[in-house]
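Trainee: sequence plus the predicted model coming up.
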Amino acid sequence: MKNKNFSALVVCLAVIVSVFSLSFAGGSSKKQNLSSYGTTAKVQGNLNVFGLLNVGNSGNSSITTGLTNTSGYTQSGSAANTFSGASSFTGTGIGLAVTNNATVGGTLVVSSTTSTAGMTNTGGITQQTRVFTGTGAITMLATDYILLVEKGTPAATAVTLPASPVQGQLVEVMDGKGNANTYNITVSAASGNINGSATYVISTAYGKSWFVYDGTQWLTN
């Protein structure tokens, strides 16, 4: 009787452990559903999933060492996914589809073997735009991408481009009131030049100019 009770206890402990942690010590290949109802599902090796890998929970799905995906990735929870390692999505169809917001804290590199592929945007792009309706000179912020000069009281305007720019930084200054032919917009750099000169003047109604930093000075068309 004692042996039977001991065996039953061992079985119960094994079930409890499996509920809280599902672990594979080597390469694993499973063609059926794999579930863990506790806190951890750990694979110490390869996990081959023949179909979609579905991750659904009430918190974030966080992958810290990178993810290589050749079939598809579906996350059914409402929270954000975090990929802090090198992640590769190489499916032949849609590698990575984002239907809500995507925040990139570093560099987003989109590459393709053909010149016609790369990034396709069907919903439009919203850029950081500041509409200035106040008075006096304007100093662009590091977060400004497009500056619309729309002063309530018309006046000539001095605009200073963002300080400490990085190579490749791109900004636009535009006359949003249509009166720059009368009230010029004079653009200058916080340090350095624009096209080799100290200032650049926008003097046409609804005039605008793009400025790109080449690492030494700002350049414009």
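Mentor: Perfect, thanks for sending it.
Trainee: neighbours of the residue nearest to Leu161 when sequence neighbours are not counted, just the number please.
Mentor: Closest residue in space to Leu161, ignoring its immediate chain neighbours: Ala189 at 5.1 Å, by C-beta to C-beta, 6 or more residues apart in numbering. In short, each C-beta sits where N, CA and C put it, glycine included. Using other C-beta atoms under 10 Å, Ala189 has 20 neighbouring residues.
Trainee: pLDDT score for Ala189?
Mentor: On the pLDDT scale, Ala189 is placed at 97.
Trainee: pull the contacting residues for it.
Mentor: 160-161, 217-218 (C-beta atoms under 8 Å, 6 or more residues apart in numbering).
Trainee: now, which of these sits nearest Lys151?
Mentor: Proximity of those to Lys151 (C-beta to C-beta) peaks at Thr160, which lies at 15.9 Å.
Trainee: could you list the low-pLDDT ranges of this protein?
Mentor: Within the chain, the stretches with pLDDT under 70 are 1-101, 104-124.
Trainee: please parse it into its domains.
Mentor: With domains defined by automatic domain parsing, the chain comprises 2-89, 129-220.
Trainee: what's the spacing between the residue nearest to Leu161 and Gly152?
Mentor: Counting by C-beta to C-beta, to the nearest Å, the gap between Ala189 and Gly152 amounts to 27 Å.
Trainee: then Val171?
Mentor: Taken as C-beta to C-beta, the span from Val171 to Gly152 is 23 Å.
Trainee: these two: which is more packed in?
Mentor: Taking neighbours as other C-beta under 10 Å, Val171 and Gly152 compare with Val171 leading, 24 against 10.
Trainee: wouldn't the more buried one be in contact with Phe211 here?
Mentor: Yes: at 5.3 Å, Val171 and Phe211 qualify as touching, with contact defined as C-beta atoms under 8 Å.
Trainee: anything in contact with each of those two?
Mentor: Common neighbours of Val171 and Phe211, using C-beta under 8 Å, 6+ apart, are Leu161.
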